[in-house]
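K.L.:
I would like the atomic coordinates for the input below:
(one chain, ligands or ions: 2)
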Amino acid sequence: MQQSYPPTMDNVEETINFHLEKDKSLAPVFAVYKSILTVQLDYLGKIEVNLTLATEKIKDCFRQGKHLLAEQKPVLDSLLFKEVLASIIKAIQAASPDAPEELTNLAELAEFETKNIDSFLQQVICLNKEEMEAFIEEKEMDKRAALDSEVIAFVIFMSLSPFVVRIMQAVETVAGFSLWRQGYCPVCGQTAQIAKHRNEDGARLLECWFCHAQWVFPRVECPYCDNKEQKKLRFFYVPGNKGYQVHVCEVCKSYLKTVDAKSLQKDVILEIESIATGQLDLLAEQEGYKPPGSRAPLLH
Ligand SMILES: [Zn+2]
Ligand SMILES: [Zn+2]
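P.N.:
Ligands and ions are numbered 1, 2, ... in the order given. Sure, this is the predicted structure:
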């Protein structure tokens, strides 16, 4: 089966350049994104995964709407995680002159010491953005590192991402995601924040910002509250730019940014589109809609 992730670096460059031509102010954020992605892709090949669940069991979970990590938390290679963490911190500092110097302290926190790290990773791997930030504040990691909890959460998510991507790829290979039909991710359970209408057939694909699983979800249905009433689902877009849409639900008042690859006549990399479409978030919030569930930890 063809893997949906990762994109090629050529494709990434081309997509970023396309957006930079329209908006130069995105240059700093894309510099950090590319620097982090390079580290993540570099480590993908070094991470081994052993799926302990049998394929049939995985499919059963999917049929029941249970995401995989809820059924079984993976044991990660914590030494390798520490390497990724250190490399992500260096990558952020190299790409961003404004990065706080205190980032260097982060890897020194007690949580990342050999005796604590396994239990720390088990505790945080299934948290969403708000839960991760609350966890960091409760343990006072932010005070000890002299960093905002949002910054710490971002670095942890970015360092964990290649590990959950490898799990996602292994699951996709054995089971695919065609049995899954929820608004949250079949692998890690994070709420989908962005979608695309596939270029070839117009089907709606949701993507997880964390492990990058992609799965088909019906177009006339809200992914967040199961509303299927067509009258209460609508979309709008920036005039003259129909490829970039905001789909909203009048029942739960959530919005979903959606890239219509069909009207753009090309395939898209949703992670990049997510960064480049801040304007759609503003538009949706001005209209009184809220982002679905927990927000993704975006670069800013
Ligand atoms: Zn996921
Ligand atoms: Zn809804």
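K.L.:
how much space between whichever residue of the stretch 1-150 of the chain sits closest to ligand 1 and E131?
P.N.:
Going by Cβ to the ion, ligand 1 is nearest to H67 of the stretch 1-150 of the chain, at 7.7 Å. All C-beta atoms are positioned from the backbone trio N, CA, C, and that covers glycine. Separation of H67 from E131 (Cβ to Cβ, to the nearest Å): 15 Å.
K.L.:
One more: L103?
P.N.:
For L103 relative to E131 (Cβ to Cβ), the value is 22 Å.
K.L.:
Look at the two and report which has more neighbours.
P.N.:
Taking neighbours as other Cβ atoms under 10 Å, L103 and E131 compare with L103 leading, 20 against 13.
K.L.:
Now do the same contact list for the more buried one.
P.N.:
Contact analysis of L103 by Cβ atoms under 8 Å, 6 or more residues apart in numbering lists 89, 92-93, 147, 151, 155.
K.L.:
and what of A95?
P.N.:
A95 touches 31-32, 34-36, counting by Cβ under 8 Å, 6+ apart.
K.L.:
just those now: which is nearest Q265?
P.N.:
K34 (24.9 Å; Cβ to Cβ).
K.L.:
where along this structure do the helices fall?
P.N.:
Secondary structure of the chain, counting by DSSP state H: helices at 9-22, 27-44, 55-63, 68-71, 78-95, 103-106, 114-124, 129-138, 141-145, 149-175, 261-264, 270-276, 278-286.
K.L.:
Give me the angle between the longest one and helix 55-63.
P.N.:
What it means is helix 149-175. Between helix 149-175 and helix 55-63, the angle comes out at 120 degrees (axes from the mean of the first three to the mean of the last three Cα atoms, to 10 degrees).
K.L.:
Which other helices and strands does helix 149-175 contact?
P.N.:
Judged by 3 or more Cβ pairs under 8 Å, 6 or more residues apart in numbering; DSSP states H and E, the packing partners of helix 149-175 are helix 27-44, helix 55-63, helix 68-71, helix 78-95, helix 103-106, helix 114-124, helix 129-138, helix 141-145.
K.L.:
That one - what's its average pLDDT?
P.N.:
For helix 149-175, mean pLDDT is 97.
K.L.:
Likewise for the first one?
P.N.:
The predicted model gives helix 9-22 an average pLDDT of 95.
K.L.:
With only the CA atoms kept, save that helix in CSV.
P.N.:
These are the backbone C-alpha positions of helix 9-22, laid out as CSV (Å, rounded to 0.1, in the frame of the first residue of the first chain):
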residue,chain,number,x,y,z
MET,A,9,11.6,17.4,0.5
ASP,A,10,11.3,18.6,-3.1
ASN,A,11,7.5,18.7,-2.7
VAL,A,12,7.8,20.5,0.6
GLU,A,13,10.1,23.2,-0.9
GLU,A,14,7.8,23.7,-3.9
THR,A,15,4.7,24.1,-1.7
ILE,A,16,6.5,26.5,0.7
ASN,A,17,7.8,28.6,-2.1
PHE,A,18,4.3,28.7,-3.6
HIS,A,19,3.0,30.3,-0.3
LEU,A,20,6.0,32.5,0.2
GLU,A,21,5.4,34.1,-3.2
LYS,A,22,2.0,35.2,-1.9
